[in-house]
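In: For reference, the sequence and a predicted model appear below.
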Amino acid sequence: MNSDKASSSSTTHTESCYRDICILIVKFDLIYLRVASGMLRALTYEVLTAHRAVEALEMIQDEDLGIDMVLMELHMPDIYGLDLLHEIKRISDLPVLMMSFDRSENTMLSSLEKGAYFYFTKPLYMEDMSDIG
């Protein structure tokens, strides 16, 4: 888990208002977690990461972390993403963005019906991330 907020000084883009938005990324695959967090940091978002669902839930409940939204994987080894989405919605009103390689319309609609704010199909691209705040 990386609970250090990103410094806005590492951005390669123009000054923006994103730096006041903190996004928690929940992803089991550490490589993809680094890629997604790197993209968001390059856009000057503040980023926190969680490798497991239980970590994410603990972090969401910690109001001192200042999390503004959650970007999470649908398929994780320790919990199905829609179950985690339900738990997040039970304890907070944070917007939750889902990501998955699953392009099934039923899966996308089910995620949105259960409270996801948006559903991204992977791979994620920088232009996808630039509009989430």
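Out: That came through, no problem.
In: ok now do residue 107, which residues does it touch?
Out: Listed by CB atoms under 8 Å, 6 or more residues apart in numbering, the contact partners of residue 107 are 74, 100. The C-beta positions use only the backbone N, C-alpha and C, and glycine is treated the same way.
In: So it lies in a strand, does it not?
Out: No - assigned with DSSP: H, G, I helix; E, B strand; the rest coil, residue 107 falls outside any strand and is helix.
In: what does the least confident helix or strand in the chain by mean pLDDT contact?
Out: Sorting the helices and strands of the chain by mean pLDDT, DSSP states H and E puts helix 126-130 at the bottom, at a mean of 86. Residues outside helix 126-130 that contact it (CB under 8 Å, 6+ apart) are 36, 39, 40, 42, 43, 45, 120.
In: Inside helices: which ones of the residues you listed?
Out: The members of those that map onto helices under DSSP state H are 36, 39, 40, 42.
In: where along this structure do the helices fall?
Out: Assigned helices in the chain, in chain order: 30-42, 53-61, 81-91, 105-113, 126-130 (criterion: DSSP H).
In: What lies in contact with the second one?
Out: Think helix 53-61. Applying CB under 8 Å, 6+ apart, the external contacts of helix 53-61 come out as 1, 3, 24, 26, 48, 50, 65, 67, 70, 72, 76, 78-79, 84, 87-88, 91-92, 94.
In: do that again at 10 Å, thanks
Out: Helix 53-61 is contacted from outside by 1, 3, 24-28, 48-50, 52, 65, 67, 70, 72-73, 76-81, 83-84, 87-88, 90-92, 94, 96, using CB atoms under 10 Å, 6 or more residues apart in numbering.
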